[in-house]
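Novice: after the sequence you'll find the predicted model.
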Amino acid sequence: MDATFLGMSGFGWAVLGAAFAAALSGIGSTIGITIAAVTASGVLSEDDSLFGQVLPLVAMPSTQGIYGFITAVLVAVFFGVMGGNTDISLLVGLGIFAAVQPVAWLGLFTGIYQGHMCAGGIRIIGAGKKVPALVFPALTETYVILGLIASILILLGLQSAAGM
């Protein structure tokens with residue numbers, strides 16, 4: 001019988017990790033977009049000519065969900081899950097689960113906080129100020145990108161170590 005931890009095989013842990021990456025970062029993006037969109041709606045109700053300026057700020061928190069989705073797809077591709085490979089050792093499966101945590105959790109929290117920062121930028125635009133409103137929200141993006149890079153590098157190391 002294959003080894004399990006908490007009743008799940010390596011394959012189960014790998015799939016759960018991929019799901020965490022996609023779901024948590026997607027939730028962060030959804031909340032962040034909602035925060036920014038609510039503020040944008042208020043600004044646009046006063047001046048709809050600002051739509052083109054506020055749209056990038058509303059869309060900016062969506063990148064976290066994209067990073068989580070990419071990570072989930074990489075798990076599926078690197079470890080043959082899309083091809084039906086269920087023969088992933090418990091150690092590798094737990095490693096995959098751990099490897100995706102940086103992008104999952106950073107995607108969740110930076111998506112939410114970036115939404116707040118984008119809302120602030122939208123208020124700057126609504127006030128007619130001539131300052132670059134994308135700068136502050138972009139600073140938050142740095143950390144989810146670092147999480148994505150960390151997750152990818154760890155996954156590549158696991159793939160190599162597992163001989164896949």
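Specialist: Sure, I can see it.

Novice: for the helix ranked longest in the chain, packing partners?
Specialist: Assignment by DSSP state H gives helix 10-46 as the longest helix of the chain. Counting contacts by 3 or more C-beta pairs under 8 Å, 6 or more residues apart in numbering; DSSP states H and E, helix 10-46 packs against helix 51-59, helix 62-78, helix 90-99, helix 101-126. Heads up, the C-betas are built off the backbone N, CA and C, glycines and all.

Novice: can you tell which of those is closest to Thr39?
Specialist: helix 101-126 (3.8 Å; C-beta to C-beta).

Novice: can you list the helices and strands that that closest one packs against?
Specialist: helix 10-46, helix 51-59, helix 62-78, helix 135-162.

Novice: how far is it from where the chain is centred?
Specialist: Averaged C-alpha coordinates place helix 101-126 at 11 Å from its chain's average position (C-alpha atoms, centre = their mean, to the nearest Å).

Novice: quick one: closest of the helices and strands packed on helix 10-46 to Pro137.
Specialist: Taking C-beta to C-beta, helix 101-126 is the member of the helices and strands packed on helix 10-46 nearest to Pro137, at 4.2 Å.

Novice: mind putting the helices and strands packed on helix 101-126 into CSV with mean neighbour count?
Specialist: Output for the helices and strands packed on helix 101-126, formatted as CSV (neighbours: other C-beta atoms under 10 Å):
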stretch, mean neighbour count
helix 10-46, 21
helix 51-59, 18
helix 62-78, 22
helix 135-162, 17
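
Novice: cool, thanks, talk later.
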